[in-house]
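Engineer: using only what follows, build the 3D model:
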Amino acid sequence: MVRLLVWVAVVVAVLGGAVHGGGVSYDGRSLIVNGERKILFSGSIHYPRSTPQMWPSLISKAKEGGIDVIQTYVFWNLHEPQTGQYNFEGRCDIVKFIKEVQAQGLYVSLRIGPFIEGEWTYGGLPFWLHDIPGIVYRSDNEPFKFHMQNFTTKIVNMMKAENLYASQGGPIILSQIENEYKTVEAAFHERGPSYVKWAAKMAVGLETGVPWVMCKQDDAPDPVINACNGMRCGERFAGPNSPNKPAIWTENWTSFYQAYGEETYMRSAQDIAFHVALFIAKNGSFVNYYMYHGGTNFGRKAAAYMITGYYDQAPLDEYGLVREPKWGHLRELHAAVKLCSETLLSGKSTSLSLGQLQQAYVFGDQSGKCAAFLVNNNSRENAAVMFQNNSFQLPPKSISILPDCRTIAFNTAKVSAQYNTRSMIEGHKLDSIDKWEEFKDKILNFDDTSSRSDTLLEHMGTTKDASDYLWYTFSLEADSSNAQSVLQVKSHGHVVHAYVNGALVGSAHGNHSSSNFSLETTISLTNGTNNISLLSVMVGLPDAGAYLERRFAGLRRVRIQGKQQEKDYTNYTWGYQVGLLGEKLQIHKNEGISNVEWSNYGSSTHQRLTWYKTTFDAPKGDDPIAINLGSMGKGEAWVNGKSIGRYWVSFLTSNGSPSQTWYHIPRSFLKSTGNLLVLLEEENGYPLKITVDTVSITKVCGHVSETHLPPVNAWGSQFHGRRPEIQLHCPQHRNISRIVFASFGNPSGDCGSSSLGSCHSSNSTALVEKACLGKRKCSISLSEEHFGDPCPGISKSLLVDAECS
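Structural biologist: Numbers count the residues shown, from 1 in each chain. Next comes the predicted model:
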């Protein structure tokens, strides 16, 4: 307690409502960095979900998109996989990542947690915590607090040693302790609130010199700032719990996580922009996009049922390519807000009604500067409003930003940014049967196992997260009178494969929304001894919820229904084995591949649980690489010994398609030739149809009408004379090679599906080709001086669809 009081008294001085700490402070309006109030746009990029070779490009693209801050979690179970054994190399090199952010002139928001959830296995907690006597995660529990404080302190001290906090001249301006704790706090009764107070005190006592936040924690103790998570914080955030704290949005979900069997969640650029503008209009000053780049859940790090690709619909997709129009529309929004940031931060804010569903948020200062946000909450109809003696047309569900209270610089519903199309370009076909080899993993019987128990063991506590797989085996005696029976298995795991006497008799799996499932299948028992082998599979560990240390996974009940009787084998003599033989022998690595005898592909009867291997050359060029596993079932893939993640192509969505078909292979994982590909296939995959493809933006398209606005970067003396324009740009090393469609008039359709309307300028294609062909970037203004006026009196638009090569 003494340490906290000293920090508050010496480091944090409350002067005129501002809380100061070294180079970063805050008041009720915003963070204050080096004495200057800031409106900050932040983007989440998680360093282990990409590679060090990708970091510079990702950060550069974020900066170009108007991002000021890079936000990341810290991944405890990645950095401390065993007690006291640390890993900060390669993708785990958090210091290198932060220094790259600093080198590009951006700030960092460091979410230490160390519980993070984040669709990351076990919520970021290392599984060795599970076996500490008396531990209760995330509560006022001494064993948990001891280890949590140790890790948090280690990370803070690492940052200090490298001078990475803003109070030391570094880029870190904000830190987070815990994560969305309010959602579970009540489950811990009196040990919940006391844990919150302890966590805040512990964090503040580390004296980083920058503020701390707690997200989704409306009772965050002073001086910790409570922050909002969600898609609509402008509507749903109750606000800071103190007038001296700023409004901070730590997670604005640009899409949503995706589990196997689920469709991709699509969130439009317009919807994101609307809610960001509303949050800023209501005095918000810090918005973080979760995710700005989602990346890849390499290895076995995805949480329960989560696909390997993460937030692919973010402004930068899984491969680091710009996703339009999301990236470009948000860049325009950021620029529009920054035009009036001084007025927003220093002016007095007022709100006034412009209609039943329309409102104005107005900011003005003593010098006469004025900025306004005009909101139309009607999701179906345009609204004509009067504001300061001027008439404005507001599109449905939109916000117009007026940096000078007179002229609209940006509207959230009017997308002037281009659209683009990502294509998977088929590269190497791995269809040569002579280049594939296979190894059939062993189906274990009771006598093959060394671990015994008289009951069904809990899966996670038995495997210690060393493998997804756990064999449950037992043997029974049968006579010919009950040869036909029904095996009934109830599981709280994710998948179960059932074998009788070495032959597969059935499989079943659960899903992300259900904690249990059942398998019921007819089996044939032979006269004498029968071996029942049940392979329980986890597809990631749970990442959320109270009392995670008590969570049960694996088999809960096993029964066999015979013709005359039913017998329950739940409490019976069971044999156990963690993992598969191929895992134990590490045959996915070059150094372990000779530990088994591989056979020619297809040389014997197919068996589930088969390993496949081949080699391939890296596709030429710099484009990202993805492997098409659409012909496979379920398993895991390794390239040169590095896991690119789990795959589960056979788990189809309600529309009958896989949740993920292509899996990212970072170029840094590859050699130019002779790359080793190893697959563990649980089901009936067919590897000869696998292809190694490249990923590219192949088409760009723009559709702008006369009601659209000029680019925000044209703001100033020339803005009023500027016309709306289409701005097209291909990725690096590509130029616009063909104009697929161009029409000035009233073309029908939109990007991807367009046709001529009743009004069309005949020289549209020629003018666009002259402006764009052979160039990486081009812009075309909506000007009748260029295109002529093919139909006077009709509102016109320009639609251009182009190929990049």
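
Engineer: burial count for residue 353?
Structural biologist: 10 (other CB atoms under 10 Å). (Each C-beta comes from the backbone N, C-alpha and C, glycine too.)

Engineer: what's the answer for residue 354, then?
Structural biologist: 19.

Engineer: contacting residues around it?
Structural biologist: Going by CB atoms under 8 Å, 6 or more residues apart in numbering, residue 354 touches 360, 374, 383, 385, 386, 387.

Engineer: and for residue 401?
Structural biologist: Counting by CB under 8 Å, 6+ apart, residue 401 has contacts 277, 333, 336-337, 339-340, 371-373, 408-411.

Engineer: if we go to 7 Å?
Structural biologist: Each residue near residue 401 by CB atoms under 7 Å, 6 or more residues apart in numbering is listed here: 277, 336, 337, 373, 408, 409, 410.

Engineer: among the contacts of residue 354, which are located in strands?
Structural biologist: 360, 374, 383, 385, 386, 387 (DSSP state E).

Engineer: SS state for the nearest residue to residue 181 once chain neighbours are set aside?
Structural biologist: Spatial nearest neighbour of residue 181, excluding adjacent residues (CB to CB, 6 or more residues apart in numbering): residue 217 at 5.6 Å. For residue 217, the assignment made with DSSP: H, G, I helix; E, B strand; the rest coil gives coil.

Engineer: tell me how many other residues surround residue 217.
Structural biologist: 25.

Engineer: give me the low-pLDDT residue ranges for the stretch 401-550 of the chain?
Structural biologist: The stretch 401-550 of the chain contains residues with pLDDT under 70 at 481-483.

Engineer: now a ChimeraX select for only the buried ones of the ones in strands among the contacts of residue 354.
Structural biologist: If you want just the buried ones from these in ChimeraX, going by 16 or more other CB atoms under 10 Å, the selection is:
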select :360,374,383,385,387
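
Engineer: let's have the ones in strands among the contacts of residue 354 in JSON lines, adding pLDDT and distance to residue 58.
Structural biologist: Compiled in JSON lines, the ones in strands among the contacts of residue 354 are given as follows (pLDDT from 0 to 100; distance: CB to CB, whole Å):
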{"residue": "360", "pLDDT": "98", "distance to residue 58": "38"}
{"residue": "374", "pLDDT": "98", "distance to residue 58": "35"}
{"residue": "383", "pLDDT": "97", "distance to residue 58": "39"}
{"residue": "385", "pLDDT": "98", "distance to residue 58": "40"}
{"residue": "386", "pLDDT": "97", "distance to residue 58": "45"}
{"residue": "387", "pLDDT": "98", "distance to residue 58": "40"}
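
Engineer: dump the ones in strands among the contacts of residue 354 to JSON lines, plus distance to residue 418.
Structural biologist: Below are those laid out as JSON lines (distance: CB to CB, whole Å):
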{"residue": "360", "distance to residue 418": "31"}
{"residue": "374", "distance to residue 418": "26"}
{"residue": "383", "distance to residue 418": "28"}
{"residue": "385", "distance to residue 418": "30"}
{"residue": "386", "distance to residue 418": "34"}
{"residue": "387", "distance to residue 418": "31"}
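
Engineer: just the strands in the stretch 401-550 of the chain please.
Structural biologist: Ranges of strands in the stretch 401-550 of the chain, per DSSP state E, counting those that start in this stretch, are 410-411, 419-429, 437-440, 451-453, 469-478, 484-491, 495-500, 503-509, 517-524, 528-537.

Engineer: tell me what the second one is packed against?
Structural biologist: To tie it back to what came earlier, the one meant is strand 419-429. In this structure, strand 419-429 packs against strand 691-705, with contacts taken as 3 or more CB pairs under 7 Å, 6 or more residues apart in numbering; DSSP states H and E.

Engineer: what do you get if the cut-off is 8 Å, keeping everything else the same?
Structural biologist: strand 625-628, strand 691-705 (3 or more CB pairs under 8 Å, 6 or more residues apart in numbering; DSSP states H and E).

Engineer: ranking these by burial, who's on top?
Structural biologist: strand 625-628 (a mean of 23; mean count of other CB atoms under 10 Å).

Engineer: can I assume residue 96 is in contact with residue 52?
Structural biologist: Yes - using CB atoms under 8 Å, residue 96 is in contact with residue 52, at 6.3 Å.

Engineer: residue 158 - that's part of a strand, no?
Structural biologist: No - using three-state DSSP, the assignment for residue 158 is helix, not a strand.

Engineer: residues touching it, list them.
Structural biologist: 88, 94, 95.

Engineer: what does residue 768 give?
Structural biologist: 739, 742, 780, 800, 802.

Engineer: so the first one bridges to which residues?
Structural biologist: For residue 739, the beta-bridge assignment (DSSP bridges) gives partners residue 802.

Engineer: pick the most buried one from the strands of the stretch 401-550 of the chain.
Structural biologist: strand 410-411 (a mean of 26).

Engineer: what strands flank that one, and is each parallel or antiparallel?
Structural biologist: Assessed with DSSP bridges, strand 410-411 is paired to strand 398-402 (antiparallel).

Engineer: mind exporting the strand it pairs with as CSV, just the C-alpha atoms?
Structural biologist: Taking C-alpha atoms only, strand 398-402 is exported to CSV below (Å, rounded to 0.1, in the frame of the first residue of the first chain):
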residue,chain,number,x,y,z
SER,A,398,-24.5,8.0,-41.6
ILE,A,399,-22.4,10.7,-40.0
SER,A,400,-21.1,13.7,-41.8
ILE,A,401,-17.9,15.4,-40.5
LEU,A,402,-17.7,19.2,-41.0
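
Engineer: let me know the closest of the contacts of residue 354 to residue 255.
Structural biologist: Nearest to residue 255 among the contacts of residue 354 is residue 374, at 27.7 Å by CB to CB.
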